[in-house]
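Participant: 3D model of this:
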Amino acid sequence: MSKSPVSAAIGLDDVAFGSNPGCWPLPPAATPHELWLRAVAAGGQGHYDSALSDLGRLQRLAANGPLAANAPLASLALSTRASFLRQLGWHHRSRSLDGQALTLANGLAAPSADALIGLAADALGVGRFAASARALLRAAEPVTDSTAARLPVRFAWVSAELAMVSGNGVAAVAAAEQAIRLAETLASARHRVKSQVILAAALCSSGDVDGSRRAADKALLQTAVFGLVPLRWAVASLLADIGSERHSYAELAAIRDMSAETVIRQGGVWCPR
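Facilitator: A predicted model of the protein is given here:
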């Protein structure tokens, strides 16, 4: 699995939302916003111990500073912590964090959108599909109002996931393809890779297993190139179920299990199934 060495020329924004998501160790954070970027970057690689440590520092700084100035970052910290819980399967625990994030967002577009999309994903993960749809509906306006280009991609991801579990494969593929198109306009390699993973799952849900294999095989290679361990686990798990054009079941099972073990070594705790 690729790990890019740290360089003075690589900034935290380029790791969290740019072309170097596999950079490790991460550059230090000089500001509260950079603490959030550092946590996002570490979480994308599955370094949950580092990510949670940085989020804790950020939340302590926000609690000790002017509330109006720090509330948006405190909201983002809670939403990010919730997203890590979902990645590990703890949807029933992430909901309260996203609810707190929405309160702290105080109507501001970007943090409100993050929290509402998170609430939609939380509800989805525990089978509350109507509640998920309502949260997505509420998220639509702040997503549109925000200048954060990553938010429409996140919105499309959860829209695709909701369509999948609702049995609407056609809508799932349409939303996943929208995520692919939107992610192509971003600098974020991580968003492009996750959109490819979502597309693979959506194609599978629609009955296009061959298309799903091709998309998933492409995503599996990208997760190795960019060091995105949680996504590597997810796509290897999918391929272990449907088969691969490039890898045997034994190879996929080894990648899946090694990724899961790496997450544990790096501070992640999987929700028991």
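
Participant: Okay, now the unreliable bits of the protein?
Facilitator: Where the chain drops to pLDDT under 70, the residues are 1-9, 66-69.

Participant: What separation is there between Arg86 and Thr147?
Facilitator: Noted for Arg86: a distance of 25 Å to Thr147, by C-beta to C-beta, to the nearest Å. (C-beta placed from N, C-alpha, C; glycine too.)

Participant: Neighbour count: those two, which is higher?
Facilitator: Neighbour tally, Arg86 and Thr147, criterion other C-beta atoms under 10 Å: the higher count belongs to Arg86, 20 against 7.

Participant: ok but that one is inside a helix, no?
Facilitator: Yes: Arg86 forms part of a helix when assessed by DSSP: H, G, I helix; E, B strand; the rest coil.

Participant: do you know how far it is from Ala41?
Facilitator: Distance, Arg86 to Ala41, using C-beta to C-beta: 18 Å.

Participant: what about the residue nearest in space to the middle of the chain, which helix or strand?
Facilitator: The C-alpha lying nearest the average C-alpha coordinate of the chain belongs to Ser83 (C-alpha atoms, centre = their mean; 6.5 Å). Element membership of Ser83, judged by DSSP states H and E, is helix 67-87.

Participant: Same check on His191?
Facilitator: helix 189-205.

Participant: quick one, domains of this structure?
Facilitator: 1-65, 86-148, 149-273 (automatic domain parsing).

Participant: Endpoint to endpoint, the last one covers what distance?
Facilitator: With C-alpha to C-alpha, to the nearest Å as the measure, domain 149-273 spans 34 Å from end to end.

Participant: ok, now the shortest one?
Facilitator: Taking C-alpha to C-alpha as the measure, domain 86-148 stretches 22 Å from start to finish.

Participant: Distance from that domain to the middle of the chain?
Facilitator: Counting by C-alpha atoms, centre = their mean, to the nearest Å, domain 86-148 is centred 13 Å from the centre of its parent chain.

Participant: do the same with the first one
Facilitator: In terms of C-alpha atoms, centre = their mean, the centre of domain 1-65 is found 14 Å from the chain centre.
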